[in-house]
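Visitor: sequence and predicted structure are below.
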Amino acid sequence: MPNEFRVIKSSRKTLALEITREGQVVVRAPKWMRQSEIEQFVQEKSDWIRKHLGKVREKQAERESRPATVLTKEEIQELAQKAVQVLPEKAAYYALAAGVTYGRITIRNQKTRWGSCSGKGNLNFNCLLMLAPDEVQNYVVVHELCHRLEMNHSARFWKEVERVLPDYRAAKLWLKEHGEEIMGRMG
């Protein structure tokens with residue numbers, strides 16, 4: 001069993017495990033659950049935890065062996081200008097496919113998010129998307145547009161994403177595998 005793990009209790013109904021990018025084990029648990037039950041859960045999942053901690057360490061070593069070149073202000077501005085031309089067109093196209101409307105589109109340079117959708121329907125996209133393949137850009141646009149139908153990540157939300165972009169899983173996986181490296185270029 002891992003020696004250290006962090007417990008986050010909330011009004012959820014089930015237990016969940018998460019391994020952070022930094023290699024921390026996080027257990028999400030219902031408020032009512034006893035510590036002994038949480039520890040038993042962690043014990044039962046120890047093989048899974050060891051396997052995923054190993055993957056995190058491998059990725060960390062990989063990142064350290066090839067540091068990403070930090071983007072200059074000029075390069076970030078160029079990416080933002082390109083994003084202003086590309087992403088609104090994609091949003092207009094996929095909004096029709098999704099059957100949704102949206103407010104304004106803002107291009108930002110962020111270190112943690114690819115996009116977001118506000119409650120008012122305004123869309124924000126990260127200019128770093130211009131460093132990702134076209135299919136990944138499409139996925140992020142569709143993901144945010146589908147929040148106009150479901151402001152969560154429920155099964156219904158993912159069904160909407162799949163309806164508009166049936167092969168979204170490959171792009172989602174690409175972001176999971178390469179996104180951190182691109183974000184790291186913000187410096």
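Guide: Ah, there it is. Numbering: from 1, shown residues only.
Visitor: what is the least confident helix or strand in the protein?
Guide: helix 46-65 (a mean of 81; mean pLDDT, DSSP states H and E).
Visitor: what are the ranges of the strands in the protein?
Guide: 6-10, 16-19, 25-30, 105-108, 115-117, 123-126 (DSSP state E).
Visitor: what residue of the protein is the furthest out?
Guide: residue 36 (31.8 Å; CA atoms, centre = their mean).
Visitor: list the buried ones in the longest helix along the chain?
Guide: Identified as the longest helix of the chain according to DSSP state H is helix 73-98. By neighbour count on 16 or more other CB atoms under 10 Å, the buried set for helix 73-98 is 76, 79-80, 83, 86-88, 90-91, 94-95, 98. No exception for glycine: its C-beta is placed from N, CA and C like everyone else's.
Visitor: contact partners for residue 69?
Guide: Residue 69 makes contact with residue 185, according to CB atoms under 8 Å, 6 or more residues apart in numbering.
Visitor: still on that earlier bit, distance to residue 52 for the buried residues of helix 73-98 - can I get that in CSV?
Guide: CSV is the format used below for the buried residues of helix 73-98 (distance: CB to CB, whole Å):
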residue, distance to residue 52
76, 33
79, 32
80, 35
83, 33
86, 35
87, 33
88, 38
90, 33
91, 35
94, 33
95, 37
98, 33
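Visitor: tell me the one of the residues you listed nearest residue 115?
Guide: residue 87 (8.8 Å; CB to CB).
Visitor: what count of nearby residues applies to the residue nearest to the closest one when sequence neighbours are not counted?
Guide: Excluding the flanking residues, the one nearest residue 87 by CB to CB, 6 or more residues apart in numbering is residue 125, at 4.9 Å. Using other CB atoms under 10 Å, residue 125 has 28 neighbouring residues.
Visitor: sounds good, over and out.
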